[in-house]
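>>> All I have is the shape, not the residue letters:
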Ligand SMILES: [Co+2]
């Protein structure tokens, strides 16, 4: 999901994440510097381990039908891509054993990291299903349902313990973000469309937010390449104590070094300057910090153990989005306490029971109208409007650049572990 620069809301920092490491496996397998420097060595190690284990690992079917927990009976889910922090950071810490020890003690707790890795493996397998399914001629509704059904199956959806992380974004062309079909939607994908597939998976509220762009005409290749490059630049630039504006500046420089020729005209590829990445807290998709994709002067720094969605948007249009069109995405406002909500008068009688349904089924996770439909809610629009008007529920309208323009997006979720950066949602596709 996309963060909007204009709507930065402050909330408590994510200092809760730092806990002592409890699982020895993590330090044995993940903090081992040899295994990070030499991927082959770690492969060998893993193979050895597998041979020793008596349980025979299940193989995923095609299309996938086996929940991820069944594929990893020892519950050690695959780690993401490990990146070392920049030179300045390692210079300060590499030769300081005490500092390394201190940082290991501050390691994000293994359960949380492992939940994110499990959700990431679901994401990788579901996006493969999506890539195989998505073709010109498919309806947006069928694409969204294919992605959501596969997610629910592979993550073993269970109340607020595991499930879909937020509505499946299927924004096309000049629509940059926050479009998902509502009931009755008849939109069908065309071979000239630029489609952003932005979907989420969560385990115990640990949301993996990752997105990619699909096109069916090679003329868009440069746009897709520019945005992929820009997102990877942002991921590389991210780190503990790094200023958000510096990340934005590096993204902007890479993105705007590209241009694209479309139908005989050359367009500069611009960053969509009012969209940004964001930090993620348990059950909260946008948790206060915004990662700009331009140099914006925000001197706020990233911190140890924070989780960030790094996402960039490149456009052939203005590089600026406005809210336009029918809303599909909503989330309960995470900064309100039950007490403060209780003091807000609700004019529509159905608003109160609807709010209870939202709290019970989604908590503060984003949802869409289809998710209300599928749990049996109907005629809820007036009540929902009342909740939005009072600020109890936030709405996220589609965000669009000028007509005729094309926007592409790539996004990954990263964890700023004390001694390394883990790109948890990384796959061999992007
Ligand atoms: Co996002």
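Nice, I can see it. Values in this document were obtained by computation on a predicted structure and should not be read as measured data.
>>> next helix or strand past the helix or strand where residue 382 lies?
Per DSSP states H and E: residue 382 is located in helix 381-389. Later in the chain than helix 381-389, the nearest helix or strand by DSSP H and E is strand 393-396.
>>> what residues does the helix or strand just after that following strand touch?
Using DSSP H and E, the helix or strand that follows strand 393-396 in sequence is strand 399-400. Contacts with strand 399-400, where a contact means C-beta atoms under 8 Å, 6 or more residues apart in numbering, come from 2, 4, 171, 174-178, 275, 321-325. All C-beta spots, glycine's among them, are computed from the backbone N, C-alpha and C.
>>> Would you give the sheet partners of strand 399-400, along with the direction of each?
Under the criterion DSSP bridges, strand 399-400 sits next to strand 175-177 (antiparallel), strand 322-323 (antiparallel) in its sheet.
>>> model confidence over the longest one, on average?
Per-residue confidence for strand 175-177 averages out to 98 on the pLDDT scale.
>>> Could you see whether the ion lies near that strand?
No - judged by C-beta under 5 Å from the ion, strand 175-177 stays clear of the ion, getting no closer than 8.3 Å.
>>> What are the contacting residues of that strand?
Strand 175-177 is contacted by residues 1-2, 169, 171, 196, 198, 272, 275, 313, 315, 321, 325, 398-401, 407, 409 when judged by C-beta under 8 Å, 6+ apart.
>>> Mind checking what secondary structure residue 127 has?
helix (DSSP: H, G, I helix; E, B strand; the rest coil).
>>> count of residues packed around it?
Close neighbours of residue 127, defined as other C-beta atoms under 10 Å, add up to 23.
>>> got the contact list for it?
Going by C-beta under 8 Å, 6+ apart, the list of residues near residue 127 reads 197, 199, 210, 212, 427, 429.
>>> hmm, back to that, what about the ion: which of the contacts of strand 175-177 touch it?
Residues of the contacts of strand 175-177 in contact with the ion (C-beta under 5 Å from the ion): residue 1.
>>> Just the buried ones from the contacts of strand 175-177?
1-2, 169, 171, 196, 198, 272, 275, 313, 315, 321, 398-401, 407, 409 (16 or more other C-beta atoms under 10 Å).
>>> Filter those down to the ones in helices?
Among the buried ones among the contacts of strand 175-177, DSSP state H puts none in helices.
>>> Which ones among those lie within strands?
Under the assignment DSSP state E, those contribute 169, 171, 196, 198, 275, 313, 315, 399-400, 407, 409 to strands.
>>> for the most centrally placed residue in the chain, helix, strand, or coil?
Closest to where the C-alpha atoms of the chain average out (C-alpha atoms, centre = their mean) is residue 209, at 1.2 Å. Put simply, residue 209 is strand when judged by three-state DSSP.
>>> Run a quick check on it versus residue 279, I expect a contact.
No - counting by C-beta atoms under 8 Å, residue 209 sits too far from residue 279 to count as a contact (10.5 Å).
>>> Give me the common contacts of these two.
Common contacts of residue 209 and residue 279 (C-beta under 8 Å, 6+ apart): residue 309.
>>> roughly how far apart are the closest residue to the ion within the stretch 1-150 of the chain and residue 171?
Proximity of the stretch 1-150 of the chain to the ion (C-beta to the ion) peaks at residue 1, 4.1 Å away. Distance, residue 1 to residue 171, using C-beta to C-beta, to the nearest Å: 11 Å.
>>> hey, what's in contact with both of these two?
177-178, 198.
>>> Pick the one among those residues closest to residue 72.
Proximity of those to residue 72 (C-beta to C-beta) peaks at residue 198, which lies at 25.9 Å.
>>> May I have the beta-bridge partners of the closest one?
Assigned bridge partners for residue 198, using DSSP bridges, are residue 169, residue 211.
>>> Now do it against residue 177, distance only.
Counting by C-beta to C-beta, the separation of residue 198 from residue 177 is 7 Å.
>>> Thank you, goodbye.
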